[in-house]
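S.K.: Predicted model follows, preceded by the sequence.
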Amino acid sequence: NAGVTQTPKFQVLKTGQSMTLQCAQDMNHNSMYWYRQDPGMGLRLIYYSASEGTTDKGEVPNGYNVSRLNKREFSLRLESAAPSQTSVYFCASSVGAITGELFFGEGSRLTVL
Amino acid sequence: AQSVTQPDIHITVSEGASLELRCNYSYGATPYLFWYVQSPGQGLQLLLKYFSGDTLVQGIKGFEAEFKRSQSSFNLRKPSVHWSDAAEYFCAVGRSNDYKLSFGAGTTVTVRA
């Protein structure tokens, strides 16, 4: 009964380093999302994948890349981390469009020094 | 563009007292409205949603929300709060068949004994 699983849960990077956040869902959902959460700003959509084989930009895509590896997995990559990317990152999935429920992972806290 | 405002950053309520969280949205068409709850260290969980029909919607954990088109509001209420209701609450707005949800900045609820 895992739902949405994100790894790692915590990560500290130095400016300029790269890393990939991994996300997997076991609910056979078509759509997957990456959000970032910053104090006082709620959640902002970085990228989403409406279905396997497609990805689209959200509200704040700059500095990030994504890969929908298969129906289960959706990764988020920071090629050259910046302090402004210090945040809590959430992966989510849904059956289809947002008219359905979004199921969230527990979050990944990233600190860029 | 759609947007959501949650006027109250932090609310403190006594256990057993009623709770109302405010949400105002800006959207040109009929909005799809959601309330999500985030317990400490966890991802978000859907409390309730409104698409059409009866403007008073019931959700999980004893929560309800009322859609008022004339006031562009979707306020969340609970008649009697429990200590376990201490969390951060997010209002969100989207549109039919879309993949982009706009979240408010959130309201943190503290429950005192």
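M.R.: On my side now, so go ahead.

S.K.: In chain B, which residue sits closest to chain A?
M.R.: Residue nearest to chain A within chain B: residue B:43 (3.1 Å; Cβ to the nearest Cβ). (Each C-beta comes from the backbone N, C-alpha and C, glycine too.)

S.K.: so what's the nearest residue to that residue once chain neighbours are set aside bridging to?
M.R.: Distance criterion Cβ to Cβ, 6 or more residues apart in numbering or on different chains; nearest residue to residue B:43, sequence neighbours excluded, is residue A:104 at 3.1 Å. Note on residue A:104: beta-bridge partners residue A:92, judged by DSSP bridges.

S.K.: what's the neighbour count on residue A:104?
M.R.: With neighbours defined by other Cβ atoms under 10 Å in any protein chain shown, the count for residue A:104 comes to 23.

S.K.: Residue A:6: what's it in contact with?
M.R.: Applying Cβ atoms under 8 Å, 6 or more residues apart in numbering or on different chains, we find residue A:6 in contact with A:21-23, A:89-91, A:105-108.

S.K.: That one sits in which helix or strand?
M.R.: Assigned by DSSP states H and E, residue A:6 belongs to strand A:4-7.

S.K.: partners of that strand in the sheet?
M.R.: strand A:19-25 (antiparallel).

S.K.: can you give me the mean pLDDT across the partner strand?
M.R.: The average pLDDT for strand A:19-25 rounds to 98.

S.K.: Now for residue A:66: which residues touch it?
M.R.: A:34, A:46-47, A:49, A:55, A:74-77.

S.K.: same thing with residue A:79?
M.R.: Contacts of residue A:79 (Cβ under 8 Å, 6+ apart): A:18, A:63, A:65.

S.K.: Can you list which of those are found in helices?
M.R.: Among the contacts of residue A:79, no member falls in helices (DSSP state H).

S.K.: ok, of these, which one's closest to chain B?
M.R.: residue A:65 (18.1 Å).

S.K.: just checking, the residue of chain B closest to chain A touches residue A:108?
M.R.: No: Residue B:43 sits out of contact with residue A:108 when judged by Cβ atoms under 8 Å, with a separation of 10.6 Å.

S.K.: what is in contact with the two at once?
M.R.: residue A:90.

S.K.: where are the low-confidence patches of chain B?
M.R.: Along chain B, no part satisfies pLDDT under 70.

S.K.: what residues does it put near chain A?
M.R.: B:4, B:9, B:32, B:36, B:41-46, B:49, B:51, B:90, B:94, B:96-101, B:103-106 (Cβ under 8 Å from any Cβ of the partner chain).

S.K.: if I look at the closest residue to residue B:78 other than its chain neighbours, how far off is residue B:80?
M.R.: The spatial neighbour of residue B:78 that comes closest, neighbours along the chain excluded (Cβ to Cβ, 6+ apart), is residue B:19 at 4.7 Å. Distance of residue B:19 to residue B:80, computed by Cβ to Cβ, to the nearest Å: 9 Å.

S.K.: In terms of packing, which of these two has more residues around it?
M.R.: Comparing residue B:19 with residue B:80 by other Cβ under 10 Å, the one with more neighbours is residue B:19, at 19 against 11.
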